[in-house]
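**Q** pasting a predicted model and its sequence here:
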Amino acid sequence: MHLRMQLYSKDRRQRGVALFVVLVFVMLSMLLALWATRTSLFNEMVVGNDADYQRAYEAAQALLQDAELDIRGEQSNGAECSGSGDVCRKTTADKIPLEAQDVTPLLGQLEAQPTRCRNGLCAKRTGKQDFWNNSDESQGPTLAQMTASTVGARYGQYTGAAKGSSSQPANPILTDTGSANRGGWYWMEVLPYQDNKNSSLIMGGPHNLLPLNLKPFVVYRVTALAYGRKPNTMVVLQQTYAQQKRKN
């Protein structure tokens, strides 16, 4: 009888240990499942944010190209711009300067504006250059002021690039004009250069000059800004563009 009681007691203790081991493995499995879920969600967030940034980056690049077409007065296929209203700047107060005598009056009108910009054309900025990070009006225009109506330029606004159902851009950011903090914008600073015989780029030495062939002697600093589809996604690109006069 004593032997049977001892064996029964040992069997009960063994079943208790097995239950404890099973509980430990269940808890470890749950922890691994939770870790895998969190890792998967984090990777999904990273991929989603990166995709949204790339989409905004591509939109900003398209805005820079649209600004070049605006400066050259061309369509995307290289043909002369044709349209009405804002398209091709047919009825806008500010136009791309084509001759030297057009530059000074244009800059005078732009400098009289509170933001020094109108219809996507700007005089050289003063104060803080990165206006998209500026929250103090005393240091220069803020992003809210630069995206106000008639200050910046939307994609296709002056080139007609987004007009017509067959030519809608694939990037939805470019056609999103629902509010000032949606879609994309560009601004073109008109920077006059001195027109003289020394207006050349030095390539390889002082006796090897590459002429700029500018007419008028104006270089544009273009700033393009695109909002992503997610909050806090914003891309800003800048480039300097000089329209060279083709020789006949």
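**A** Received, thanks.

**Q** what strand or helix carries the closest residue to residue 236 other than its chain neighbours?
**A** Spatial nearest neighbour of residue 236, chain neighbours left out: residue 225 (5.0 Å); criterion: Cβ to Cβ, 6 or more residues apart in numbering. Backbone N, C-alpha and C define where each C-beta goes, glycine included. Secondary structure from DSSP states H and E places residue 225 in strand 218-227.

**Q** and what of residue 26?
**A** helix 2-72.

**Q** give me the contact list for stretch 179-188.
**A** Contacts to stretch 179-188, defined as Cβ atoms under 8 Å, 6 or more residues apart in numbering, come from residues 56, 59-60, 62-64, 66-67, 70-71, 117, 120-122, 144, 146-148, 151-155, 173-177, 220-227.

**Q** and for stretch 110-125?
**A** 67, 70, 89, 92-94, 96, 106-107, 109, 126, 131, 140-141, 145-146, 148, 150-153, 157-158, 186-191, 221.

**Q** average model confidence for that stretch?
**A** Averaging pLDDT along stretch 110-125 yields 94.

**Q** can you start the count at 212 instead of 1 from here on
**A** Happy to do that; since the first residue is 212 now, the last one works out to stretch 321-336.

**Q** start to end distance for it?
**A** By Cα to Cα, to the nearest Å, the extent of stretch 321-336 from end to end equals 11 Å.

**Q** just the buried positions in it, please.
**A** 321, 324, 326, 327, 328, 329, 330, 331, 332, 333, 334, 336 (16 or more other Cβ atoms under 10 Å).

**Q** restricted to strands, list those residues.
**A** 328, 329, 332, 333 (DSSP state E).

**Q** tell me how far the first one lies from residue 367.
**A** Think residue 328. Distance, residue 328 to residue 367, using Cβ to Cβ, to the nearest Å: 19 Å.

**Q** got a quick PyMOL command for the buried subset of the contacts of stretch 321-336?
**A** Here is the PyMOL command that selects the buried residues among the contacts of stretch 321-336 (16+ other Cβ under 10 Å):
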select buried, resi 278+281+300+303+305+307+317+318+342+351+352+356+357+362+363+364+368+369+397+398+399+400+401+402+432
